[in-house]
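Student: just coords:
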């Protein structure tokens, strides 16, 4: 698996968010061959390339940054 490291100064936070992204993939029935940080501010957005070669964007929120209701409303 190709893990692109960020040059962002808050690497511990990025690494924590990356680990959360990787832990979430089995819930979607996915494994990945590449994960790359695209953006990091209040959220982290990662590019995921699955083992099948499909590309996805995965956004990870910091814990308690958004309510469950707010996150669910984005899926509507």
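Tutor: That came in fine, so what should we check first? Note that this is a predicted model, so its numbers are computed, not measured.

Student: pretty sure residue 18 belongs to a strand, no?
Tutor: No - read with DSSP: H, G, I helix; E, B strand; the rest coil, residue 18 is helix and lies in no strand.

Student: And for it, nearest residue in space, chain neighbours not counted?
Tutor: Nearest residue to residue 18 in three dimensions, chain neighbours excluded: residue 35, at 6.4 Å (Cβ to Cβ, 6 or more residues apart in numbering). For glycine as for every other residue, the C-beta is placed from the backbone atoms N, C-alpha and C.

Student: now residue 25, what's its secondary structure?
Tutor: helix.

Student: Now residue 21: which helix or strand?
Tutor: For residue 21, the enclosing helix or strand under DSSP states H and E is helix 11-24.

Student: got the buried residues for that helix?
Tutor: 14, 17-18, 20-22 (16 or more other Cβ atoms under 10 Å).

Student: what's the burial count for residue 29?
Tutor: 7 (other Cβ atoms under 10 Å).

Student: And the one 3 residues further on, by the same measure?
Tutor: When neighbours are defined as other Cβ under 10 Å, residue 32 has 21 of them.

Student: so what's the backbone phi/psi at it?
Tutor: phi -130, psi 150 (degrees, to the nearest 10).

Student: Contacts only, for the residue lying closest to it once chain neighbours are set aside.
Tutor: Nearest residue to residue 32, sequence neighbours excluded (Cβ to Cβ, 6+ apart): residue 48, at 5.0 Å. Contact analysis of residue 48 by Cβ atoms under 8 Å, 6 or more residues apart in numbering lists 21, 25, 30, 32, 34-35, 55-58.

Student: what's the closest of those to residue 69?
Tutor: The closest of the contacts of residue 48 to residue 69 turns out to be residue 58 (Cβ to Cβ; 20.9 Å).

Student: The residue nearest to residue 18: what secondary structure?
Tutor: With three-state DSSP as the basis, residue 35 sits in strand.

Student: Specify the beta-bridge partners of it.
Tutor: Going by DSSP bridges, residue 35 is paired in beta bridges with residue 3, residue 48.

Student: does it really touch residue 46, like I thought?
Tutor: Yes - using Cβ atoms under 8 Å, residue 35 is in contact with residue 46, at 5.3 Å.
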